[in-house]
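>>> Here you go, sequence then predicted model.
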Amino acid sequence: MPAKFKVGLCAYGMSGKLFQAPFFAVHPGFSLGYIVRRSNPASITEYPDTQILRSTEALIAKPDIDLIVVNTPVQTHYEIAKQALATGKHVLVEKPFTVTYRQALELIDIAREHNAKLSVFQNRRFDRDYLRVKTILESGNLGQIHEATIRFDRYRTGSSGKLHKEGNFPGSGALYDLGSHLIDQALQLFGPPENIYADLMQLRPDVESDDYFELLLYYQQLRVRLISNVMVTLPEPGYVLNGELGSLSQLRSDMQEKELGVGICPSSENWQKPLSEPDSILTYHEQNNIKRKESFSDPGNYFWFFDALHQFLNGRGPNPVSPEQAAEVIRIIEIAKESSTAGKKISCK
């Protein structure tokens, strides 16, 4: 195995600029060798030693590349990843993994056939708010959970202009974009549901895909709601869990995206500003009284994903996000779209 894995990014949009390039550049186990910029061949000030290429084909053809990051629009993920894997190169695909479940399964087979390693970038597994919820669940302090809500709201009254996310294309819409995060977190926390009922809606007149969704995941003694609304001016908690012994209300408080957006350099240590006020409220029964405890969640760190990815590529650890897990997210999305169209509950079996 190389001392450093040489990395090539297929694009330098928001995903590449904020969530990938800064981490590959500072992690000692990677070197950022190439970035594809189709319309702007100029070098990037932050990465003067990184070579700029004009196409993904040119990137895939480079013999010295170890890892190709497919961070282009989801509609192109399957074809680019397929080409890269067929050369035996390792591949990291931005979420959502693919447009269809069938495409996801095909990529898994191609990676296996060519002995290439394939991972998917579900970075919000490393958000502070999600990690807090995961810790509380694992502690058992809430007892048996019977109801949970996970939501991710924004306030955008008009189109962003990103047609691959808001146009009339397969793979566009909030369910693929933000829904891939919420579904992934629900699967990690609670496992696969038995049935799904979904309601998708288009709120803004200048977009052509869903920008509101609500999914109800049915488990034996548990109901999980996943919600995203693009027109929310007073955001609700990102997570609400109700159990037999208590309840948790957790704000969506992770600031990594914001910090990266203003140029803060990440590291393996905590590189974020501390929270100004508690973001977590836990209520629980104690001696026939309901106690209320406010607390600060511990910082998350996307750097941990890249650490785990490096260990995985070296054969020293598990895949931080396996393609099988990411494929299951796409399968749930397809079932949800079917449910919304039919207006009924659909089995996940």
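Okay, I see it.

>>> And His310, how far from Thr76?
Per C-beta to C-beta, to the nearest Å, His310 is found 26 Å from Thr76. Where you see a C-beta, it was placed from the backbone N, CA and C, and this is true even at glycine.

>>> And the chain, what are its domain boundaries?
Per automatic domain parsing, the domain ranges recorded for the chain read 5-121, 124-300+331-347.

>>> Let me see the contact set for the residue lying closest to Lys134 once chain neighbours are set aside.
Nearest residue to Lys134, sequence neighbours excluded (C-beta to C-beta, 6 or more residues apart in numbering): Leu189, at 6.5 Å. Applying C-beta atoms under 8 Å, 6 or more residues apart in numbering to Leu189 gives the contacts 133-134, 137, 148.

>>> List only those of these flagged as buried.
By neighbour count, with 16 or more other C-beta atoms under 10 Å, the contacts of Leu189 hold 133, 137, 148 as buried.

>>> Of those, which is the nearest to Met201?
Ala148 (22.0 Å; C-beta to C-beta).

>>> doesn't Val232 make contact with Thr157?
No - judged on C-beta atoms under 8 Å, Thr157 makes no contact with Val232 at a distance of 11.2 Å.

>>> These two - which one has more neighbours?
It is Val232, of Thr157 and Val232, that has more neighbours when counted by other C-beta atoms under 10 Å, with 16 against 11.

>>> And the pLDDT at the residue nearest to the more buried one when sequence neighbours are not counted?
Distances taken as C-beta to C-beta, 6+ apart place Asp153 nearest to Val232, at 3.8 Å, with adjacent residues excluded. Asp153 is assigned a pLDDT of 96 by the prediction.

>>> just to revisit the earlier point, please flag which of the buried ones among the contacts of Leu189 sit within helices.
In helices, judged by DSSP state H, the following of the buried ones among the contacts of Leu189 are found: 133, 137.

>>> Just to be sure, Val69 is in a strand?
Yes - assessed with DSSP: H, G, I helix; E, B strand; the rest coil, Val69 lies in a strand.

>>> now Ala11, what's its secondary structure?
Assignment for Ala11 (three-state DSSP): coil.

>>> Provide a list of residues in contact with it.
Counting by C-beta under 8 Å, 6+ apart, Ala11 touches 36-37, 71-72.

>>> Could you dump the residues you listed into CSV and include distance to Glu106, pLDDT and neighbour count?
Shown next, in CSV, are these (distance: C-beta to C-beta, whole Å; pLDDT from 0 to 100; neighbours: other C-beta atoms under 10 Å):
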residue, distance to Glu106, pLDDT, neighbour count
Val36, 23, 97, 24
Arg37, 29, 95, 18
Asn71, 20, 98, 25
Thr72, 18, 97, 23
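
>>> and which of those is nearest Pro323?
Closest to Pro323, out of all of the contacts of Ala11 and judged by C-beta to C-beta, is Asn71, at 15.8 Å.

>>> Surely that closest one is in contact with Ser15?
Yes - using C-beta under 8 Å as the test, Asn71 is close enough to Ser15 to be in contact (4.4 Å).

>>> Which neighbours do these two have in common?
Both Asn71 and Ser15 are contacted by 94, 121, under the criterion C-beta under 8 Å, 6+ apart.

>>> can you confirm Leu217 is in a strand?
Yes - under three-state DSSP, Leu217 falls within a strand.

>>> Could you pull up the contacting residues of Gln250?
Gln250 is in contact with 129, 132-133, 237-241, 279-281, 297, counting by C-beta under 8 Å, 6+ apart.

>>> Pro320 looks like it's in a helix, true?
No - secondary structure of Pro320 (three-state DSSP): coil, not part of a helix.

>>> burial count for it?
Residues lying near Pro320 (other C-beta under 10 Å) number 23.

>>> tell me the phi and psi of it?
Phi and psi for Pro320, reported as degrees, to the nearest 10, are phi -60, psi -30.

>>> For it, give its distance to Gly261.
For Pro320, the distance to Gly261 equals 23 Å [C-beta to C-beta].

>>> If anything else comes up later, I'll come back, but that's it for now.
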